[in-house]
Every structure is written in C-alpha cells, then in structure tokens.
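Colleague: Here's a sequence, model it:
(2 chains)
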Amino acid sequence: MIPALAAAYLLFGAAAVQDPGAAGTAATQAAPASGKPGVRSPKLRDQLLQGAINVLLQPKPRAATPVPPPAEPAAATTPAATPVATPPVAAVVPVPTAPQPAAVALPQPVKPVPASKPAVGSAMPITSPRPVPRAAPPPPVEPPPSPPPMAESVAPALPVAPSVAVPPSAVIEEAETAPVPEPIEPAPGISPWLLLLGLAGAAVVGASGIRLRRIRRIARTRAALSLHPSLDLAAGASSVSGLALVSPSLSIRARLDGPAPQHG
Amino acid sequence: MADRVPISALLPDRLDEMAERVKTKLCDDEQVGGMKLAWDFIGKELQIALKSVLDCDLLEILGGAWAKAGALADFADPDKHPPGERSVIELSSHDVARELHPVVAVTIASCPCVELNFTFAVSAHIGGVRLSILDGHIIGGDLGGAWASAQLSYEDVPLHPASESKKISLPGEFHFAAPGIEIPRLPVVSVTL
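Modeller: Residues are numbered from 1 along each chain as shown, chains lettered A, B, ... in the order given. Okay, the predicted model is just below:
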C-alpha cells in the first residue's frame, strides 16, 4: 500500500509538471509543489491518477502483472475493462483521453520532463509515452479470483481506460492483457459423468448388500419356522336375524301305486 | 349356478398388524426374541396358512346357519315331513353372522410350540332365498341377492379395519353335495324377529 502511495505521489508530481491547467483542482492544491510550475497536461494527469487509484484498490499483489495494451478511446469508458488486472508500475502504457474522475485529489506539479513537451495550456491528448523519473515500483497486484463485480462497482465510479500504472521507464515491457480470473473448475481428469457412475455403483453395491442380508435372514427363518393350521367348523357361534317364512312351504310327495285290481 | 366361494376370499390382501401381534406373542420366549428372524416373512406365511384353512364354501357356512334356525326345525321331523318328501320354502330378507376359530400352531427351531387362536367373524346379508329340503336336509336353493364380509381378530383385537374386508355378492342357484346339510330336529339358534 505504501509503495503504491509513493508511486502515486511520484506519478502525480510527474503529471503535474506537464499539467498547466490544474488551477482550481483540489488535487493540485493537495500535493506540495516540488518544482517550478511547468507545462501541465490535465488529461495525462487524470489518466495517471486513475491508474494510481486502481493500483491502490487492488486486493493483493500479483506475481506477474502484464501491462494491458493501450486502450482505445471507446474502450476507455467500458466498464468491462478490468481495473482488476493492474499492470506493474514498470510498464508505461500510453493512455488515450479518459473522462475525468470525480473528486480525485491531484498532486502538485513536479519538474518538467525534458522529453517532448506539449504546448503550455494545451489539452492535446498524449499519444506517446513520456519518460518520467523512475519511482519505486509498486508491489505487483494480482487480480481477484472471482469475476469482476469489483470492476463493475469500481468502473462506474472510475470510468477510465484500462488500468495504468505509469512506470518511470518509457518502455512497455509487456503488451499482453491481464488474464481474466478463470472460474473455478473441477480437478482435471475427473468428469462429472465419472462421479455419477461412481455414486451409482456405490448405491448398487449397498443395495445388493442389504438384499443379500435379507435373503439370508429369510432363508434362516424359513428353515426354522413350522406352521400347522386347523379349523373346527362345529365350533363357533352362529346367529340369524330377521329370518321368516315368506309363504307357506310347498311339499311334494310322490309315490308309485301298483296295478289296479282286476274284477272277474 | 353360483360358483363355490371360499370364505378366505373375504380376507384383505394385507395383514400388516398380524405380523406385529404374532411377533409380540412369540417373543415372550426369550430364545425366540434373541433370534434375528424375518418377521414380515413370518407374517406372510401365517396369512397363507390362514387362507388355506379357511378354504370353506361360504354357502355351506350360510346353509349351516339356516339349518340351525328354528323356522326349519319342523322339516327335520319325519312325522311331519316323511322321508321322500321334497319341500320348498322361501325366506325373507335377513342377516347371518357366523364365527370361526382357526388355530395356527407355530414352532420356531427347537422352541416350544405356540398356538395362535384367531377369530374369523363372517357377516352376510341375504335379500331373499328359496331353499329345497329333502329328508331333513337342505339340498340346495336359489339366492335372490346376497353379500358377505368378514373380520379377522387375534385375542379380540381386530387385525385390519372392517372397511378393508372384501364384499362378495352371491347370486344364482346352488346345490349341496348329497345328502346336503342336515337340519337338527331341535332348534339351537336363537331367531331374532
């Protein structure tokens, strides 16, 4: 954090040298003047300031922080630009015009840079990197592992170009973009289907074990069990309710008589 | 002609409580209680044993109840109805109740035998019936309409809800095997009018 603040101070000082139009800005009043006022570029100052703020907002340092490529003017206002991917201070990134951040304290102007100076009071956009006194590189900042909600929360407040940590050297050491933190993935070599198969196999084995124990228990019970049922129909109570003869009974008797006696 | 209807058809398909009750009774023996037995299997075996012993014709059960009714007692008197005389009588709508007591002797391994006494109460409603009587025996008849249900109990505790018993209708003619169902000469069943 402290190295980042120091770097920001140095950056602001360097930017203030080239920023003649800093009057009225609170940032210019906050930083002490270390040198005679010189040519100043408000836009460069703003861009450098944004980069420094991004550096300060990084959660933890990153081992290798590649410097993002120079951002396009259109991309400068893209919230998707990942301020999380902060390049190291050693790289210089030419930043195009960016909207001025709100309520940002700008440092006091410092010694003017002997390199190509823009006209005093001009608002020309910086198209080439400018050499500045080398400052202590801030600690490398690593992007957070999660997708950048921070970027979204930060981006509306600081709609700037891809983060810029202005280094003292004028050489861009890394041009590749910061890698986006990848989502958490399962261990390599283990597919979800294999996991499902494993679970299914375990379930089958467990069920077969339970079934085998039950089969053995039933076999043991069958071998030991003996049943002998019986029923006495003569035993037991019997009752009839509401029984009555509907009509007189009909009786039929049949007989076979012998032959009729013969007279004579 | 009415087909033979076994009274075991009145039992419900599942008797889950019977296994629990039998287990409680049999586990009074500590040796049986210490065994790891499949009690649900024992319950199913008991149900099969009961069905086999209750394989009696329902119409014979009803005929026995009619034969013991006081209204048919005169037909057993040979003076009033000599041998060879065929009689036909018609009975009004009435209800018949009959209790049977199947017994299942259970032996597990070398443990002492335990007898399980069940009560099987059969209830039937007869819409009307004409009976044929010969030589003091009911030889057949014609049912106008009838249905029957039953309740199985163990130690006076019902083993299933009454609503789960099956109801069977009994239409059509029926005949009993010769000589038929004997009518006692003296009435042994109280008739409630």
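
Colleague: Show me what the lengthiest helix in chain B is packed against.
Modeller: Identified as the longest helix of chain B according to DSSP state H is helix B:39-53. Applying 3 or more Cβ pairs under 8 Å, 6 or more residues apart in numbering or on different chains; DSSP states H and E, one finds that helix B:39-53 contacts helix A:192-224, strand A:225-231, helix B:16-26, strand B:102-108, strand B:114-134. Every C-beta, even on glycine, is put in place using the N, C-alpha and C of the backbone.

Colleague: quick one, what contacts B:Leu11?
Modeller: B:Leu11 makes contact with B:47, B:50-51, B:54, B:150, B:152, B:165-166, according to Cβ atoms under 8 Å, 6 or more residues apart in numbering or on different chains.

Colleague: at 7 Å instead, please
Modeller: By Cβ atoms under 7 Å, 6 or more residues apart in numbering or on different chains, B:Leu11 lies in contact with B:51, B:150, B:152.

Colleague: what's the answer for B:Val22, then?
Modeller: Neighbouring residues of B:Val22 by Cβ under 7 Å, 6+ apart: B:42-43, B:46, B:116.

Colleague: between the longest helix of chain B and helix A:192-224, how many degrees?
Modeller: Orientation check (axes from the mean of the first three to the mean of the last three Cα atoms, to 10 degrees): helix B:39-53 against helix A:192-224 gives 50 degrees.

Colleague: So which bits of helix B:39-53 are buried?
Modeller: Neighbour-count burial for helix B:39-53 flags B:39, B:41-43, B:45-47, B:49-51, B:53 (criterion: 16 or more other Cβ atoms under 10 Å in any protein chain shown).

Colleague: same check, this time on stretch B:55-69
Modeller: The neighbour-count criterion (16+ other Cβ under 10 Å) identifies B:56-69 as the buried residues of stretch B:55-69.

Colleague: got a list of contacts for it?
Modeller: For stretch B:55-69, contacts defined as Cβ under 7 Å, 6+ apart pick out A:233, A:238, A:240, A:243, B:2, B:4-8, B:72, B:96, B:98, B:122, B:124, B:131, B:138, B:148, B:170, B:174, B:176, B:181-184, B:187-189, B:191.

Colleague: Narrow those to just the buried residues.
Modeller: Taking 16+ other Cβ under 10 Å as the criterion, what is buried in the contacts of stretch B:55-69 is A:238, A:240, A:243, B:2, B:5, B:7-8, B:72, B:96, B:98, B:122, B:124, B:131, B:138, B:148, B:170, B:174, B:176, B:181, B:183, B:187, B:189, B:191.

Colleague: in the stretch 101-250 of chain A, which ranges drop under the pLDDT threshold?
Modeller: A:101-189 (pLDDT under 70).

Colleague: Quick check: residues of it near chain B?
Modeller: Taking Cβ under 7 Å from any Cβ of the partner chain as the contact definition, the stretch 101-250 of chain A meets chain B at A:217-218, A:221, A:224-233, A:235-247, A:249-250.

Colleague: If we use 6 Å, what do you get?
Modeller: Contacts of the stretch 101-250 of chain A with chain B, taken as Cβ under 6 Å from any Cβ of the partner chain, map to A:217-218, A:221, A:224-231, A:235-247, A:249-250.

Colleague: Give me the PyMOL select line for the residues you listed, limited to the buried ones.
Modeller: To isolate the buried members of these in PyMOL, using 16+ other Cβ under 10 Å:
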select buried, chain A and resi 217+221+224+225+227+229+231+236+238+239+240+243+249
